[in-house]
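Undergrad: predicted coordinates and the sequence they were generated for:
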Amino acid sequence: MPIITLTSDWGLKDHYLATVKGSLLSRMPGVNIVDISHEIPRYNIFQAAFVLKNCYKNFPDGTIHIIAINGEASVKTPHTLVVIDKQYFIAADTGIFSLIFDSPPEAIYEITTHQESDIFSFPARDVFIKVACHIAGGGKLAEVTSPKKEYNKLNVFKPVLTDNEIRGVVIYVDSYENVLTNITEEVFKQVGKGRKFSVVFRGEELDKIYTAYSDVPQGEILAIFGATGFLEIAINKGNAAGLLGLDINETVRIEFRS
């Protein structure tokens, strides 16, 4: 049975998630539904993209991902299906696809199927699951979509690099309040070339990057390249974001010494 994933900013308090799951099961009994996250900050496609970017490649070929963030369609943001890495992604074309993928997709389609309701404020229920079940059931894409040349692109802030410095920003805070930046280990090695360094933020300086949170005593601050490959600022068994005052878009620098 195909896998259909759900990512949204609905939270768990209201009826939205149950409504979509119930509708999926009514259309395709026994379908394998996987919740990626429903705790995305309201309307925040950047945070949704970060979560999906760091997990979708672990899913098997044929997985269908429904992204219910800012899902209403408009002339500028039509409902869109993207095929990449043998997986399917369904969302409004708000620019979110450009935040998730680093390489060109295999195909892009505009969704043309008509919804069965005259309420246009719940596209996940009335459009997205209809397309997802069509794909999962082996239906032809041409029956619900038409080819699209490209999707909307958003500028992603990349670290500023000089010979002796990487200047990045905080892009995500996880549920442990670990602070993730946009500095990758690859960029760190490329600029650093084995030199000594300091990770600088909010008056703090760290001169070592660890491989595990438990490498430092409980309550101590550390820098680490975690499972995502991005530089993290963390506190072993503590809440780095809150205790250090670090939030999204906060500057984090790595200064290198000869």
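TA: Right, received. Where do you want to start?
Undergrad: show me the helices in this structure, by range?
TA: Applying DSSP state H to the chain gives helices spanning 16-27, 45-53, 96-100, 123, 129-136, 185-192, 240-244.
Undergrad: which one of these lies nearest to residue 158?
TA: Closest approach to residue 158 among the helices of the chain (Cβ to Cβ): helix 185-192, 8.7 Å. (C-beta placed from N, C-alpha, C; glycine too.)
Undergrad: send me that closest one as PDB with only the CA atoms.
TA: What follows is helix 185-192 as a C-alpha-only set of coordinates in PDB (Å, rounded to 0.1, in the frame of the first residue of the first chain):
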ATOM      1  CA  GLU A 185      30.000  20.900   7.500                       C
ATOM      2  CA  GLU A 186      31.100  20.900   3.900                       C
ATOM      3  CA  VAL A 187      31.300  24.700   3.900                       C
ATOM      4  CA  PHE A 188      33.100  24.600   7.300                       C
ATOM      5  CA  LYS A 189      35.800  22.300   5.900                       C
ATOM      6  CA  GLN A 190      36.100  24.200   2.600                       C
ATOM      7  CA  VAL A 191      36.800  27.600   4.200                       C
ATOM      8  CA  GLY A 192      38.500  26.400   7.400                       C
END
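Undergrad: can you name every helix or strand that it contacts?
TA: Judged by 3 or more Cβ pairs under 8 Å, 6 or more residues apart in numbering; DSSP states H and E, helix 185-192 is in contact with strand 165-173, strand 230-235, strand 251-257.
Undergrad: need the ones you listed in JSON lines (columns: distance to residue 87).
TA: Below are the helices and strands packed on helix 185-192 laid out as JSON lines (distance: least, Cβ to Cβ, whole Å):
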{"stretch": "strand 165-173", "distance to residue 87": "22"}
{"stretch": "strand 230-235", "distance to residue 87": "22"}
{"stretch": "strand 251-257", "distance to residue 87": "32"}
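Undergrad: tell me which of these lies nearest to residue 74.
TA: strand 165-173 (26.5 Å).
Undergrad: run me through the strand neighbours of that closest one, direction for each.
TA: Partners of strand 165-173 in the sheet, by DSSP bridges, are strand 160-161 (antiparallel), strand 179-184 (antiparallel), strand 251-257 (antiparallel).
Undergrad: now the shortest one, how far from the centre of its chain.
TA: Per Cα atoms, centre = their mean, to the nearest Å, the displacement of strand 160-161 from the mean C-alpha position of its chain is 23 Å.
Undergrad: kindly report the same for stretch 193-212.
TA: Taking Cα atoms, centre = their mean, one finds the center of stretch 193-212 at 26 Å from the center of the full chain.
Undergrad: quote the end-to-end distance of it.
TA: 22 Å (Cα to Cα, to the nearest Å).
Undergrad: now swap in stretch 112-125 and tell me
TA: End to end - Cα to Cα - stretch 112-125 spans 15 Å.
Undergrad: so can I have CSV of the helices of the chain showing mean pLDDT?
TA: Below are these laid out as CSV (pLDDT from 0 to 100):
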stretch, mean pLDDT
helix 16-27, 96
helix 45-53, 96
helix 96-100, 96
helix 123, 91
helix 129-136, 96
helix 185-192, 96
helix 240-244, 95
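Undergrad: for residue 81, which of those is the nearest?
TA: Comparing the helices of the chain by Cβ to Cβ, helix 129-136 comes nearest, at 6.6 Å.
Undergrad: now do that closest one against helix 16-27, angle only.
TA: Here the directions of helix 129-136 and helix 16-27 differ by 40 degrees (axes from the mean of the first three to the mean of the last three Cα atoms, to 10 degrees).
Undergrad: any idea which of the helices and strands packed on helix 185-192 is most buried?
TA: Most buried of the helices and strands packed on helix 185-192, by mean neighbour count (mean count of other Cβ atoms under 10 Å): strand 230-235, with a mean of 24.
Undergrad: run me through the strand neighbours of that one, direction for each.
TA: Strand 230-235 pairs in its sheet with strand 179-184 (antiparallel), strand 221-225 (antiparallel), by DSSP bridges.
Undergrad: which of the ones you listed sits most buried?
TA: The highest mean neighbour count among those, using mean count of other Cβ under 10 Å, belongs to strand 179-184: a mean of 23.
Undergrad: fine by me, thanks again.
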